[in-house]
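Whatever this is, show me its structure:
(one chain, ligands or ions: 1)
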Amino acid sequence: MNILYQGILERYFGKETTLVYGDGNIDTGIVLVGEAPGRTEVEQGKPFVGQAGKNLEEFINILDISREDLYITNVVKFRPVKYNPDTGRESNRTPNREEIRISIDYIEQELSIIKPELAISLGNIALKCILKDDKATIGIMHGSPISVKFAGTEFALFPLYHPASIIYNRALKDVYLQDLHKLRNYIKREKLI
Ligand code: URA
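This is a model prediction of the structure:
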């Protein structure tokens, strides 16, 4: 699967692309699905490190679980970048439709192997990918579990705002924290840990 994905990306981008694979406990009932790795993730070869890792620590503390209780992955396994010709710098951007399309097989394989009881999606990209619904929006669906069937596996999906999207928005941060407390109660009630 890794070789196939790497091959598709090489054809797509015309060069070898550094991938950041899923990481964590493959025997867990809980999977966390982000959007795509950033620069630090590519440097360290692991999802949700650097600033995103700090956000994840807060997330894990509120849920009263540990990183080892989770399998952590992203919809897209490479870093989508935009280039600023004025500064000569690359920065992160949201993956586009085509980049998501060529990445879907991979995450389907992952979830069909792990067979989680619960997937927590962070942000719109992960939500739309797992629901296979381009019209789904986090603003409406955040904070409540939904039953889904993805890659032949049935599980509960709990959509959350992406932690990166709430940094500069106090009101949204409050909603995100409320959602995390709902998720914590859900995990305890369903005895997932
Ligand atoms: N880092 C990741 O690995 N995924 C995200 O969605 C954001 C930061």
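
Okay, the residue nearest the centre of the chain and Asp27: tell me how far apart.
Central residue of the chain (Cα atoms, centre = their mean): Gly34, 1.3 Å from the mean position. Note on Gly34: its distance to Asp27, by Cβ to Cβ, to the nearest Å, is 20 Å. For glycine as for every other residue, the C-beta is placed from the backbone atoms N, C-alpha and C.

Which strand runs longest in the chain?
In the chain, taking DSSP state E as the definition, the longest strand is strand 153-160.

Check what contacts that strand and list those residues.
Applying Cβ atoms under 8 Å, 6 or more residues apart in numbering, the contact partners of strand 153-160 are 111-112, 115-123, 126-127, 130-131, 138, 141-148, 150, 176, 179-180, 183, 186, 190.

So which of those residues belong to helices?
111-112, 123, 126-127, 130-131, 138, 141, 176, 179-180, 183, 186 (DSSP state H).

Now which of the residues you listed would you call buried?
Buried residues within the ones in helices among the contacts of strand 153-160, defined by neighbour count using 16 or more other Cβ atoms under 10 Å: 111, 123, 126-127, 130-131, 138, 141, 176, 179-180, 183, 186.

could the residues you listed be laid out in a markdown table, adding pLDDT and distance to the ligand?
Shown next, in a markdown table, are those (pLDDT from 0 to 100; distance: Cβ to the nearest ligand atom, whole Å):
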| residue | pLDDT | distance to the ligand |
| --- | --- | --- |
| Leu111 | 97 | 16 |
| Gly123 | 97 | 7 |
| Ala126 | 98 | 8 |
| Leu127 | 98 | 12 |
| Ile130 | 98 | 14 |
| Leu131 | 98 | 17 |
| Ile138 | 98 | 13 |
| Met141 | 98 | 17 |
| Tyr176 | 97 | 14 |
| Asp179 | 98 | 16 |
| Leu180 | 98 | 16 |
| Leu183 | 98 | 17 |
| Tyr186 | 98 | 21 |
